[in-house]
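K.L.:
coords please:
(2 chains)
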Amino acid sequence: MNVGVAHSEVNPNTRVMNSRGIWLTYLLLTVVLHIILLSIPFFTVPLVWTLTNVIHNLVMYLFLHTVKGTPFETPDQGKARLLTHWEQMDYGVQFTSSRKFLTISPIVLHILASFYTKYDPTHFLINTCSLLSVLLPKLPQFHGVRIFGINKY
Amino acid sequence: MSSGQQWVLVEMVQAFYEAPAYHLILEGILILWIFRLLFSKTYKLHETSKLTEKEKEELIEEWQPEPLIAPLLSKQQPSVKYDVVTGPPSHRIIVNGRECINFASFNFLGLLDHEQIKQKALASLKKYGVGTCGPRGFYGTFDVHLELESRLANFMKTEEAIIYSYGFATIASAIPAYSKRGDIIFVDEAACFSIQKGLQASRSIIKYFKHNDFDDLERLLKEQEQEDQKNPRKARVTRKFVVVEGLYINTADICPLPELVNLKYKYKLRIFLEESMSFGVLGEHGRGVTEHFGVNIDDIDLISANMENAMASIGGFCCGRSFVIDHQRLSGQGYCFSASLPPMLAAAAIEALNIMEENPDIFTVLREKCSHVHKALCGIPGLKLVGEPFSPALHLQLERGSGSRDSDMQLLRSIVDHCLEKHVALTLARYLEREERLLPPASIRMVVTAEHTEEDIQQAVRCIREAASALLK
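P.N.:
Numbers count the residues shown, from 1 in each chain, chains lettered A, B, ... in the order given. Coordinates of the predicted model:
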């Protein structure tokens, strides 16, 4: 997305994940979160990794799969009113690079968390559940699907 | 690297070897998934609706090709054959070189050729030039615009007003500024064309109720209420509007506003009121239907009116509470994207407001003339008068239509022509016939203004009577 100049997007949400530096910003924010958690005394390394993973996934779930519509005044009479940010991204085209990036990042985080929690079953259960909560809604099969009408309107 | 950290790493690797099998299998699947993702191609999700062969055939069967070239317009079409006006279309109008009494222009208060207004407009023209060449946000906001907005707000006794540079675009932009996809608009069937365009642009769900029939509206509202109870979460994000006209331009009757206000609070609606015909006409001070019925203006969420009728300028305005009106400054498409009102016209509108405020008797005079004309036009054999006695724009329909709109129009046109020869200018009400939601019957639209004298009215009525008795059997 152009920064500092006028853009021609009807709905800027569609392209915000393709703007320059946004992937790096996202990675840096995750690292900062991890470092902040590490700096808290009495938190063990496995606990910090699971916390990083869970908080990351919660935030991702909230911003990509819960909040619907746009914060912008769009001239399309509210076309995206009932779509989550993930569904608006790249006009709904599947497997674009930003979609791939945002799918791979929680997986990598999960693998790292598994390694640093020494494959402990409890941590594994928590981490996997939180991973699934952000992976399943990203599947093309779940595009626009609201299971049991959750978060439908 | 200290030996302690090395030991930790060794321990971690050790843990990996001792990890449970299910865990490693999941990790393996995830890694495979990453690879699959990396190599998968992008594609667009289609909103697939697979048609069966039978459905396809039905669709092909239904399709009616349009002719490549539209049929030629007949020479009688008003868009091909028009009357030419020279000079101001005020009290007297020169149609095709013939001076007539004007019963056709919406110049209700006779402000069109008003000397005071012309002087103010001229002074403004000398100061600002003609156009503004920019929308309000791009150096198109002049001091006169702000003055006009605050004067209009004062006149209507509302918090804020916003002006548009084109009357038709006012309500047509205001509706889609608030009502979006998924919202519901309840609207009177007889609503004017600019409202219909606004409804179309809003992409909302449109529910029509029978003209001025609030029982029908209540039936729709009850249906909606039941629907909402079934799905309260959807109801919470659905806005509901009701759009009505003050005086209907197509039927010349009034909207029973007090009943609507009751329904508004009962069913939680927002009322949009289009007052192009009633602003500057109804009420003791010309404030329109709200003043006529004594309805508190704050009960109406948005009032929109045209400055092209009673005020004899150009453009339109919306007024209401500040937090409602202010929304249009960024969302009203007609406001944001068209060049602002020429300052000359804004100055003329301010002067028109001055005149309206200085002599509120003008409204009483107009109402008396209206009821006078209404009485005089009643009972012309062959013609049916439609409209309220206080409406300044009345419709004369054929008592017995021939069944064909074209021949009705021709018959009425011959009456108009007859009157034109006798120096009385009338006009037919014209519609985009194929696009109107509810096409009103063919009619002559007779406009009464405060300028008409007793003789004018008598002459006009006499002409119409003559023509009717000669042409209608």
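K.L.:
which phi and psi values does the residue of chain A positioned farthest from its centre adopt?
P.N.:
Distance from the centre of chain A peaks at A:Phe42, with 28.5 Å (CA atoms, centre = their mean). Phi and psi for A:Phe42, reported as degrees, to the nearest 10, are phi 70, psi -10.
K.L.:
now do the same for it: its pLDDT.
P.N.:
Looking at A:Phe42, its pLDDT stands at 90.
K.L.:
cool, and B:Glu47?
P.N.:
Looking at B:Glu47, its pLDDT is 60.
K.L.:
and the residue farthest from the centre of chain A, how far from B:Pro20?
P.N.:
To B:Pro20, A:Phe42 is 28 Å away according to CB to CB, to the nearest Å. Backbone N, C-alpha and C define where each C-beta goes, glycine included.
K.L.:
in chain A, which helix is the longest?
P.N.:
Ranked by number of residues, the top helix in chain A under DSSP state H is helix A:97-116.
K.L.:
now do that one, average pLDDT.
P.N.:
94.
K.L.:
now do the buried residues in that helix.
P.N.:
Buried residues in helix A:97-116, counted by 16 or more other CB atoms under 10 Å in any protein chain shown: A:98-100, A:102-103, A:105-107, A:109-111, A:113-116.
K.L.:
next one: stretch A:146-153
P.N.:
Applying 16+ other CB under 10 Å to stretch A:146-153 flags A:Tyr153 as buried.
K.L.:
and chain B, is that stretch touching that?
P.N.:
Yes. Using CB under 8 Å from any CB of the partner chain, we find that stretch A:146-153 touches chain B at A:Gly149, A:Lys152, A:Tyr153.
K.L.:
tell me which of those residues is nearest to chain B?
P.N.:
Distances from chain B to those, taken as CB to the nearest CB, are shortest for A:Tyr153 (4.6 Å).
K.L.:
pretty sure that closest one contacts B:Asp228?
P.N.:
No. Using CB atoms under 8 Å as the test, A:Tyr153 is too far from B:Asp228 to be in contact (11.6 Å).
K.L.:
which neighbouring elements make contact with the lowest-mean-pLDDT helix or strand in chain A?
P.N.:
Using mean pLDDT, DSSP states H and E, strand A:93-94 stands out as the lowest-scoring helix or strand of chain A, at a mean of 91. Counting contacts by 3 or more CB pairs under 8 Å, 6 or more residues apart in numbering or on different chains; DSSP states H and E, strand A:93-94 is packed against strand B:43-44.
K.L.:
packing partners of the following helix or strand past the strand it packs on?
P.N.:
Scanning forward in sequence from strand B:43-44 by DSSP states H and E, the next helix or strand is helix B:53-62. Packing partners of helix B:53-62 (3+ CB pairs under 8 Å, 6+ apart): none among the helices and strands.
K.L.:
distance between helix B:53-62 and the chain's centre?
P.N.:
Counting by CA atoms, centre = their mean, to the nearest Å, helix B:53-62 is centred 38 Å from the centre of its parent chain.
K.L.:
same question, stretch B:257-270
P.N.:
20 Å.
K.L.:
pull out the buried positions in it.
P.N.:
Within stretch B:257-270, the residues scored as buried using 16+ other CB under 10 Å are B:Leu257, B:Leu260, B:Val261, B:Leu263, B:Lys264, B:Tyr267, B:Leu269, B:Arg270.
K.L.:
all strands for the stretch 301-450 of chain B, in order.
P.N.:
Remark: strands assigned in the stretch 301-450 of chain B by DSSP state E, counting those that start in this stretch are B:302-306, B:316-320, B:383-386, B:393-398, B:424-425, B:427-428, B:443-447.
K.L.:
tabulate the ones you listed (a markdown table), appending mean pLDDT, mean neighbour count and distance to chain A.
P.N.:
Converted to a markdown table, these look like this (pLDDT from 0 to 100; neighbours: other CB atoms under 10 Å in any protein chain shown; distance: least, CB to the nearest CB, whole Å):
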| stretch | mean pLDDT | mean neighbour count | distance to chain A |
| --- | --- | --- | --- |
| strand B:302-306 | 95 | 28 | 18 |
| strand B:316-320 | 96 | 28 | 18 |
| strand B:383-386 | 92 | 20 | 35 |
| strand B:393-398 | 93 | 22 | 33 |
| strand B:424-425 | 94 | 24 | 42 |
| strand B:427-428 | 92 | 18 | 35 |
| strand B:443-447 | 93 | 23 | 34 |
